[in-house]
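Asker: Structure of the sequence below:
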Amino acid sequence: MKKALFIVFILPFLGACISDATKNEANDITITSNQDSIISNPPSSETMCFLKLDGTQKQDSTYVYVRLEGDSISGVYNWIPEMKDARRGIINGIKRGDTLNVVWSYMQEGIIDTIHTQFLLEENNLKQQPYLTREDGRQVRNRNASFDIVYNSTGCPTF
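Answerer: Presented below is the predicted three-dimensional model:
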């Protein structure tokens, strides 16, 4: 009698669990189907990589990796001078024509900072306006300068 009462008491809970499991399986199938369509139709994107070597023995390097998705820009910007503290970070911004307006978020000497940067895509190269240093020591983009810093196109790494 106790077993029968126990089964009658447990049966509704067991039914609810089985029903929830079936619903979850259906949701998983829906999610998987949506993921498959996202993977099979990725947004069009383009990647470009640029390198600039400086110094008497080309010991200083600056590397820029740009990923374009429509007008959106993301990427990596690393300035690595020999025997000095490097600036390594990411860029995010917008492309308008051949001009790339980005914010470079980087770390240098354990401090995180940002700087607005403007690039120009020209003849398979990337050109940049230089920075100037304000009285407070902070660097900012020199809006009146020409695009004198030139990065040469290079192959992008494959992952």
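Asker: Every contact and neighbour count from this point should use C-alpha atoms.
Answerer: OK.
Asker: Touching stretch 123-135 from outside, list them.
Answerer: 50, 117-121, 139-143, 145-153 (CA atoms under 8 Å, 6 or more residues apart in numbering).
Asker: Verify the stated contact: residue 64 with residue 73.
Answerer: No: judged on CA atoms under 8 Å, residue 64 makes no contact with residue 73 at a distance of 11.9 Å.
Asker: Could you tell me which strands sit next to the longest strand anywhere in the chain in the sheet, and their orientation?
Answerer: Assignment by DSSP state E gives strand 111-122 as the longest strand of the chain. Paired with strand 111-122 in the same sheet, following DSSP bridges, are strand 99-108 (antiparallel), strand 125-128 (antiparallel).
Asker: Residue 49 falls within a strand, correct?
Answerer: Yes: the assignment for residue 49 (DSSP: H, G, I helix; E, B strand; the rest coil) places it in a strand.
Asker: Against residue 85, how distant is it?
Answerer: 22 Å (CA to CA, to the nearest Å).
Asker: So if I had to pick from these two, which one is more boxed in?
Answerer: residue 49 (21 against 13; other CA atoms under 10 Å).
Asker: residue contacts, the more buried one?
Answerer: 63-66, 153-156 are the contacts of residue 49 under CA under 8 Å, 6+ apart.
Asker: can you check residue 140 too?
Answerer: Counting by CA under 8 Å, 6+ apart, the residues that residue 140 touches are 115-116, 131-134.
Asker: how about stretch 67-81: buried residues?
Answerer: 67-68, 72-81 (16 or more other CA atoms under 10 Å).
Asker: cool, and stretch 151-159?
Answerer: 151-154.
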